[in-house]
Structures are given as C-alpha cells and as structure tokens.
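Peer 1: All I have is the shape, not the residue letters:
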C-alpha cells in the first residue's frame with residue numbers, strides 16, 4: 001500500500017502482521033521488517049536505514065511496542081509516526 005497510516009493503531013497492526021514498511025522520517029529512508037534471524041512467526045523486528053551514509057545501521061526489536069518506543073532524533077516513533085512520508089507497506 002502506498003500511503004501513510006491513519007492511526008498509530010493501524011501502524012501497530014501492520015507491524016503485528018509482519019508487514020515490511022518503508023518510510024521517510026526526518027529526511028532519512030527507513031525499512032522496518034521482520035527480523036531475518038528470528039524464528040518463523042516471531043514478533044521480532046529489525047530497522048535498517050536505506051541511506052548510503054548509514055548502510056551499516058541495524059537495530060533489532062523484540063516486538064512492535066519495542067519498535068514504537070525507539071527514538072529517532074530523540075523522539076519516539078510512537079510520537080512522530082504521523083510525520084512518516086513516502087510510506088509503502
């Protein structure tokens with residue numbers, strides 16, 4: 001789907017359904033996806049930055065709530081989700 005989320009709950013549901021979500025936030029391109037090293041059907045996620053200068057960036061999360069509480073530029077994702085642009089899921 002090529003649009004933003006209408007609510008934080010919709011974003012959380014997409015994460016719980018193990019959707020890959022690409023988005024731009026604060027001028028950087030991000031991808032949150034199921035953790036490639038986790039067991040099948042786990043709720044583990046990983047966040048990577050698709051920008052060339054951050055190609056080594058990787059953070060892993062135990063579940064969607066852990067991801068939503070992660071800070072990008074000192075702001076929790078759950079507090080700035082509405083600022084995501086170029087959202088594909």
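Peer 2: Yes, it's here. Nothing here was measured: the structure is a model prediction, and the numbers come from that model.

Peer 1: Check which residues of stretch 69-82 are buried.
Peer 2: 70, 72, 77, 81 (16 or more other Cβ atoms under 10 Å). Any C-beta I mention is one placed from the backbone N, CA and C, and that applies to glycine too.

Peer 1: try stretch 8-15
Peer 2: Residues of stretch 8-15 classed as buried by neighbour count (16+ other Cβ under 10 Å): 11, 12, 14, 15.

Peer 1: Equivalent analysis for stretch 56-71, please.
Peer 2: Going by neighbour count (16+ other Cβ under 10 Å), the buried part of stretch 56-71 is 61, 64, 67, 68, 70.

Peer 1: Take those residues and keep only those in strands.
Peer 2: When DSSP state E defines the strands, the subset of the buried residues of stretch 56-71 inside them is residue 61.

Peer 1: Burial check on the nearest residue to residue 66 once chain neighbours are set aside, number of neighbours?
Peer 2: The shortest distance from residue 66 to any non-neighbouring residue, by Cβ to Cβ, 6 or more residues apart in numbering, is to residue 45 (7.6 Å). Counted with other Cβ atoms under 10 Å, the neighbours of residue 45 add up to 25.

Peer 1: cool, and residue 7?
Peer 2: Residue 7 is flanked by 10 other residues according to other Cβ under 10 Å.

Peer 1: The longest helix seen in the chain: what's the following helix or strand?
Peer 2: In terms of residue count, the longest helix belonging to the chain (DSSP state H) is helix 8-16. With elements assigned by DSSP states H and E, the helix or strand that comes after helix 8-16 is strand 21-25.
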